[in-house]
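Undergrad: sequence? don't have it. structure:
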Ligand SMILES: Nc1ncnc2c1ncn2[C@@H]1O[C@H](COP(=O)(O)OP(=O)(O)OP(=O)(O)O)[C@@H](O)[C@H]1O
Ligand SMILES: [Mg+2]
């Protein structure tokens with residue numbers, strides 16, 4: 001990523017994964033002055049183009065789509081321009097937003113349709129590049145390539161990303177050429193970890209697979225671990241949360257509580273802020289938006 005010194009305005013090309021953890025300031029090589037820096041705070045303000053965050057874990061049903069949609073919608077409400085990219089054959093992001101897009105990511109990558117025809121406005125400040133069944137065809141296109149298949153998605157998204165502050169990518173469960181493509185494109189990964197079931201094992205496996213991609217995409221890092229389906233009445237839930245806090249202290253977010261409103265909102269085609277703005281789910285996702293942007297006063 002590129003960061004700009006606020007004193008002398010020199011641009012510095014740095015690799016985020018080479019910065020030691022806990023660093024809060026850096027020194028400009030040009031003017032030798034210190035300035036604050038935090039990889040987890042608002043990188044857009046540091047002139048580095050959009051932040052590109054994949055919501056991913058190989059395990060199914062952990063809250064990836066719920067998180068991608070409500071994180072994207074929350075960022076849009078905060079005034080950022082957000083593109084939500086759905087890379088799942090289930091195409092549920094569109095459904096959750098009450099949309100029924102006829103075309104999306106596959107048609108854009110295959111150059112069958114333009115960005116104007118495939119990127120649809122979902123809400124104020126928020127656009128959707130839809131997934132769905134056609135993603136299966138995209139997988140075949142990637143598989144057939146002799147070389148460069150893993151950057152197919154990056155080549156397309158890099159062309160259109162400049163109009164946005166955040167690109168949030170929803171991913172499908174499992175490990176396939178599409179998730180590999182996503183990890184060649186994004187620089188941050190947000191991993192929802194369900195506390196309802198034992199997903200720690202799945203997380204460790206996923207992080208191992210992710211590290212094989214980090215050898216090629218040096219800017220890729222695990223940004224956030226998001227505990228989901230938290231229920232403080234369930235002992236196991238607290239146990240897994242404590243373990244996660246112990247293992248991933250630098251990446252952990254406040255948990256998203258189990259909240260029946262979150263499971264009802266999609267059927268109404270509404271984000272949680274529209275469907276039940278006062279519920280625990282809306283409260284928890286607003287907190288996530290504050291964490292991701294580093295803006296503690298948002299929505300207060
Ligand atoms: N915190 C929560 N409390 C209650 N229900 C939730 C919560 N988060 C998500 N859900 C519900 O759980 C189900 C699975 O969530 P979601 O679809 O977001 O998971 P996913 O990881 O995207 O699944 P998949 O791997 O199939 O893509 C959905 O019905 C959703 O509405
Ligand atoms: Mg999903």
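TA: Perfect, I can see it now. Owing to the predicted nature of the structure, the values given are computational and were not obtained by experimental measurement. Numbers count the residues shown, from 1 in each chain. Ligands and ions are numbered 1, 2, ... in the order given.
Undergrad: strands along the stretch 201-300 of the chain, start to end?
TA: Per DSSP state E, counting those that start in this stretch, the stretch 201-300 of the chain carries strands over the ranges 221-228.
Undergrad: who in it is up against ligand 1?
TA: Counting by C-beta under 6 Å from any ligand atom, the residues of the stretch 201-300 of the chain close to ligand 1 are 228-229, 256, 258-259, 262-263, 266, 281. For the C-beta atoms, the positions are set from N, CA and C on the backbone; glycine is no exception.
Undergrad: of those, which is the most crowded?
TA: residue 256 (27 neighbours; other C-beta atoms under 10 Å).
Undergrad: who's in contact with that residue?
TA: Neighbour list for residue 256: 63, 67, 192, 226-230, 262, 281, 284-285, 288 [criterion: C-beta atoms under 8 Å, 6 or more residues apart in numbering].
Undergrad: what pLDDT is listed against it?
TA: Residue 256 is assigned 98 on the pLDDT scale.
Undergrad: against residue 51, how distant is it?
TA: 20 Å (C-beta to C-beta, to the nearest Å).
Undergrad: ok, residue 254 - contacts?
TA: Counting by C-beta under 8 Å, 6+ apart, residue 254 touches 284, 287-288, 291.
Undergrad: what's the answer for residue 112, then?
TA: Residues in contact with residue 112 (C-beta under 8 Å, 6+ apart) are residue 103.
Undergrad: assign it to helix, strand or coil.
TA: Recorded secondary structure, residue 112: coil (DSSP: H, G, I helix; E, B strand; the rest coil).
Undergrad: and the gap between it and ligand 1?
TA: According to C-beta to the nearest ligand atom, to the nearest Å, residue 112 stands 25 Å off from ligand 1.
Undergrad: what helix or strand does the residue in the stretch 1-150 of the chain positioned nearest to ligand 2 sit in?
TA: Relative to ligand 2, the nearest point of the stretch 1-150 of the chain is residue 65 (3.3 Å; C-beta to the ion). Following DSSP states H and E, one finds residue 65 within helix 64-77.
Undergrad: which residues sit in contact with residue 158?
TA: With C-beta under 8 Å, 6+ apart, residue 158 has these contacts: residue 185.
Undergrad: and it, how far from residue 50?
TA: For residue 158, the distance to residue 50 (C-beta to C-beta) stands at 10 Å.
Undergrad: residue 218 too?
TA: Remark: distance between residue 218 and residue 50 (C-beta to C-beta) = 18 Å.
Undergrad: helix, strand or coil: sort out residue 181 for me.
TA: Of the three states, residue 181 takes helix under three-state DSSP.
Undergrad: which residues touch the closest residue to the residue of the stretch 1-150 of the chain closest to ligand 2 other than its chain neighbours?
TA: The shortest distance from residue 65 to any non-neighbouring residue, by C-beta to C-beta, 6 or more residues apart in numbering, is to residue 92 (4.8 Å). Shown in contact with residue 92 (C-beta under 8 Å, 6+ apart): 65, 86, 170, 266.
Undergrad: gap between residue 92 and residue 221?
TA: For residue 92 relative to residue 221 (C-beta to C-beta), the value is 26 Å.
Undergrad: so where do the helices sit in this structure?
TA: Along the chain, the stretches classed as helices by DSSP state H are 64-77, 92-96, 105-109, 115-118, 135-144, 152-160, 177-185, 200-214, 235-247, 260-264, 272-275, 280-293.
Undergrad: got a list of contacts for the fourth one?
TA: When contacts are taken as C-beta under 8 Å, 6+ apart, the neighbours of helix 115-118 outside the stretch itself are 103-105, 107-108, 129-130, 159-160.
Undergrad: same thing with the third one?
TA: Counting contacts by C-beta under 8 Å, 6+ apart, the residues outside helix 105-109 that touch it are 85-87, 113-115, 117-119, 129-132, 134-135, 137-138, 141, 152-153, 156, 160.
Undergrad: restricted to buried residues, select those in PyMOL.
TA: Command for PyMOL that selects the buried part of the contacts of helix 105-109, burial taken from 16 or more other C-beta atoms under 10 Å:
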select buried, resi 85+86+87+118+119+129+130+131+132+134+135+138+152+153+156+160
